[in-house]
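Participant: How does the following fold in three dimensions:
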Amino acid sequence: MSKKKEKKDQFIIAYLPELENTQAIIDSAISFAKMLKKGLILLYISDNAYKSISTTEAEIVLKDLNSKITDVDFHSYCAIEGKTKDIINKIPLFLSGVLLVSAASESKNNNEKLASNSNTMLKNLYTSRIAYFLVPQNHNSPISFNRVIMTINHMRESKEKVLWGSYFGRFANSEVIVYYHNYKDEFYRHQLHFNIKFLMRMFDNFKINYRLNLSSNSKTFVDYQAIDYAKETNAGLIICQTTKNKSWFEEIFNLKERKIINNTQQIPVLFVNPREDLFILCE
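Facilitator: Next comes the predicted model:
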C-alpha cells in the first residue's frame with residue numbers, strides 16, 4: 001500500500017478482479033466514498049487459481065489508476081497474493097473495509113478461469129461479512145442515488161439491510177422505495193410485519209424520504225421482481241440480501257443471486273450478507 005493507514009479509518013474497497021475495464025468499478029467506489037465520507041482503496045488479488053498477474057505487475061497498474069483519482073480525500077492501492085475467498089473474508093479486519101465494490105462478468109467459452117466470472121464472484125463473496133456492490137462492467141454513467149429500491153421480506157436478518165437503506169436516505173437524500181410482497185403463511189406475515197414496523201420507526205426517526213410498495217405477486221422471488229420495478233421507476237440500484245442457507249437445488253444450480261447479477265436490465269445491486277451477530281427479530 002502506498003500510504004500508511006490508521007486503524008480508525010474506514011474504506012470503500014474497489015475490488016478489481018481483472019485490471020481491464022475497471023472504470024465502472026472505480027467510479028462507483030468513488031461515489032460511495034464521497035457519499036459515506038470514507039477513504040478508497042483499489043484492491044487486486046493475485047490468485048493462482050485464476051488467470052492473474054503478480055502483485056509487482058499489478059502495483060504498477062494500480063499506481064497509475066490511483067494517480068487519476070481526484071474526488072476522494074484519501075485513496076490508495078493494495079495488491080495481495082493469496083486465495084481470493086480468504087482475503088475477501090478478512091477485508092473488514094485488515095483493510096477496515098465497510099463496502100466492497102466490484103463487477104461480475106458472464107462465463108467465457110475458453111479454458112481460462114477468471115475471478116470476475118459471476119458464479120466465481122458469488123462463491124468468493126458469499127461468506128464474507130462485508131456488504132458488496134456489483135455494477136455491470138459496461139455501466140458508463142455515474143451511479144445514481146436519487147432513487148433506491150430496497151426489498152424486504154420475512155427474514156430475521158433484515159436489520160442490517162434496513163440500516164443500509166437508511167444510509168442512502170440520510171447521506172444521499174435518496175428516495176427509498178421499500179418493495180415487498182405478502183405471505184400466505186401466518187408466521188411469515190408476522191415476521192414481515194415486525195420488519196416493516198422496525199423499518200418505519202427507523203426511517204421516520206431519520207426523516208427519510210421513503211414509500212412502501214406492496215407487490216400483488218406473492219409467488220415470484222421478491223428480488224427478481226425488484227429488478228423489473230427498478231427499471232420501470234428509473235432507480236439507480238437495488239438493495240438485496242443474500243441467501244443464508246443454500247438448498248440442495250441452489251448447491252447444484254447456483255444461488256438465486258446469480259440471476260440477479262445477470263439481470264438483463266443491467267441494474268447495479270448492493271448485496272447485504274446475513275450476519276449471525278445481527279440475527280435479531282426487528283420488533
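
Participant: which residues of this protein score low on pLDDT?
Facilitator: Along the chain, segments meeting pLDDT under 70 span 1-8, 106-111, 156-157, 242-265, 274-283.

Participant: can you map out the strands along it?
Facilitator: Assigned by DSSP state E, the strands in the chain fall at 11-15, 39-46, 75-81, 97-102, 131-134, 147-151, 175-181, 210-215, 237-241, 269-272.

Participant: Would you mind finding the most buried of those?
Facilitator: Most buried of these, by mean neighbour count (mean count of other CB atoms under 10 Å): strand 11-15, with a mean of 28. Using the backbone N, CA and C atoms, a C-beta is placed for each residue, glycine as well.

Participant: Give me the residues contacting stretch 13-28.
Facilitator: By CB atoms under 8 Å, 6 or more residues apart in numbering, the residues outside stretch 13-28 that reach it are 29, 40-45, 50, 53, 58, 61-62, 65, 69, 88, 91, 95, 97, 99-103, 114-116, 121, 130, 133, 135-140, 142-143, 268.

Participant: Just the buried residues of it, please?
Facilitator: Under the neighbour-count criterion of 16 or more other CB atoms under 10 Å, stretch 13-28 has 13-19, 22, 24-28 buried.

Participant: Output those residues in TSV, with distance to residue 81 appended to each entry.
Facilitator: As requested, the buried residues of stretch 13-28 are exported to TSV (distance: CB to CB, whole Å):
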residue	distance to residue 81
13	17
14	18
15	15
16	15
17	14
18	16
19	15
22	19
24	25
25	20
26	22
27	27
28	25
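
Participant: Residue 168 - nearest residue in space that isn't next to it in sequence?
Facilitator: Nearest residue to residue 168, sequence neighbours excluded (CB to CB, 6 or more residues apart in numbering): residue 174, at 3.9 Å.

Participant: Contacts only, for the one you found.
Facilitator: Listed by CB under 8 Å, 6+ apart, the contact set of residue 174 reads 145-148, 168, 209.

Participant: Next, format the residues you listed as JSON lines and append distance to residue 196.
Facilitator: Converted to JSON lines, the contacts of residue 174 look like this (distance: CB to CB, whole Å):
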{"residue": "145", "distance to residue 196": "23"}
{"residue": "146", "distance to residue 196": "23"}
{"residue": "147", "distance to residue 196": "20"}
{"residue": "148", "distance to residue 196": "17"}
{"residue": "168", "distance to residue 196": "18"}
{"residue": "209", "distance to residue 196": "17"}
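
Participant: So which of these is the closest to residue 191?
Facilitator: residue 148 (23.0 Å; CB to CB).

Participant: Please report how far that closest one lies from residue 166.
Facilitator: The spacing between residue 148 and residue 166, counted by CB to CB, to the nearest Å, is 11 Å.

Participant: list the residues that contact both of the two?
Facilitator: Both residue 148 and residue 166 are contacted by residue 176, under the criterion CB under 8 Å, 6+ apart.

Participant: Bridge partners for the nearest residue to residue 209 once chain neighbours are set aside, pull those for me.
Facilitator: Distances taken as CB to CB, 6+ apart put residue 175 closest to residue 209, at 4.9 Å, once the chain neighbours are dropped. According to DSSP bridges, the partner residues bridging residue 175 are residue 147.

Participant: Does residue 175 touch residue 144 like I think?
Facilitator: No - look at residue 175 against residue 144 with CB atoms under 8 Å: they stay out of range, at 11.0 Å.

Participant: which one in this protein is furthest away from the centre?
Facilitator: residue 186 (31.0 Å; CA atoms, centre = their mean).
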